[in-house]
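Trainee: sequence plus the predicted model coming up.
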Amino acid sequence: MDEPLAQPIARHGVVDALVARIRADVLAERYTPGAYLPPERDLAARYGVTRTSLKHALVRLVETGLLETRHGVGTRVRDYRRDAGVDLLPFLVVAAGPDWLPEIFQARREIGALIAARAATHATPEQRERLSDLVAEVRAAPSTDAAQRAECEVHRTLAAACANRVYALLVNSLLRAYDEVRHLFTGPFSDPVAAAARLRRLVEAVREGDGPAAHAAAAAYYAETERLMLA
């Protein structure tokens, strides 16, 4: 495999930029999973940074689970497919979005429907009211971007209402991944009034406390918005 080509990194925010650069190279498999990175001196020269900055960046990447350091041996690239968690999704979308989007959409449909069904039976009166307010916010949104942001808050509210903190964390990761490429998927929100009408059917089922209806409405909503996003 060819060695990654790297441009020198500017001094300002050098560690953050270096973390992002090495992470992108790892996710793109420019460094083979299971292989060791080049010696620190060579790696620092490749990215045009000091060894101190490189050490700080490597520590952070070890903490994320992308790398592991073996004393006296070197820094090894871990297989993120086997070892990483959903917190890596936003970076995978940036590094190789088209490869991940079909599976992200599938998870969005299936997890979203489960969350909606649970929210229908667990949401508090305040959360049910908040959902209605957000539908109104989508409808009155002054721009496509504002409608998208309000719709994201609907999903956060549903996740908070489903009485399962693990689902809520999964939704956070999916929304972070979506936010990285949100500008590419504006189709469902170009008409905020129509977007609100689609969303209202889901929210009404949740507000009425009907779990099966909420599950069906959510599955239909996610399938329709996915179709519009990809059109």
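Mentor: It's in.

Trainee: tell me which element the residue most central in space within the chain is part of?
Mentor: Of all residues in the chain, the one closest to the mean position by Cα atoms, centre = their mean is Ala177, 2.0 Å from it. Assessed by DSSP states H and E, Ala177 sits inside helix 165-180.

Trainee: residue ranges with poor pLDDT in this protein?
Mentor: Within the chain, the ranges that satisfy pLDDT under 70 run 1-12, 96-97.

Trainee: packing partners of the helix holding Ala177?
Mentor: Applying 3 or more Cβ pairs under 8 Å, 6 or more residues apart in numbering; DSSP states H and E, one finds that helix 165-180 contacts helix 89-122, helix 144-161. In short, each C-beta sits where N, CA and C put it, glycine included.

Trainee: show residues contacting the shortest one.
Mentor: Contacts made with helix 144-161 from outside it, assessed by Cβ atoms under 8 Å, 6 or more residues apart in numbering, are listed as 112, 115-116, 118-119, 122-124, 127-128, 130-131, 134-135, 137-138, 141, 167-168, 170-172, 175, 178-179, 182, 186, 188-190, 192, 195, 199, 203, 206.

Trainee: one more time with 6 Å, if that's ok
Mentor: If you take Cβ atoms under 6 Å, 6 or more residues apart in numbering as the criterion, helix 144-161 is touched by 115-116, 119, 122-123, 127, 130-131, 134, 137-138, 141, 167-168, 171, 175, 182, 186, 189-190, 192, 195.

Trainee: quick one, domains of the chain?
Mentor: With domains defined by automatic domain parsing, the chain comprises 14-83, 86-230.

Trainee: most tightly surrounded among those domains?
Mentor: domain 86-230 (a mean of 18; mean count of other Cβ atoms under 10 Å).

Trainee: give me the distance between the two termini of that domain.
Mentor: 23 Å (Cα to Cα, to the nearest Å).

Trainee: next one: it to chain centre, how far?
Mentor: Centroid separation for domain 86-230 versus its chain: 13 Å, with Cα atoms, centre = their mean, to the nearest Å.

Trainee: ok, stretch 15-26 next?
Mentor: Centroid displacement of stretch 15-26 relative to its chain, using Cα atoms, centre = their mean, is 18 Å.

Trainee: which helix or strand contains the residue lying farthest from the centre of the chain?
Mentor: In the chain, Gly72 marks the outermost C-alpha relative to the chain mean, sitting 35.8 Å out by Cα atoms, centre = their mean. Using DSSP H and E, Gly72 maps to neither a helix nor a strand.

Trainee: with His215 instead?
Mentor: Counting by DSSP H and E, the element that carries His215 is helix 211-230.

Trainee: what residues does that helix touch?
Mentor: Helix 211-230 is contacted by residues 105, 108-109, 112-113, 116-117, 120-121, 185, 187-188, 201-202, 205-206 when judged by Cβ under 6 Å, 6+ apart.

Trainee: next, the angle helix 89-122 makes with it.
Mentor: Angle of helix 211-230 versus helix 89-122, following axes from the mean of the first three to the mean of the last three Cα atoms, to 10 degrees, is 150 degrees.
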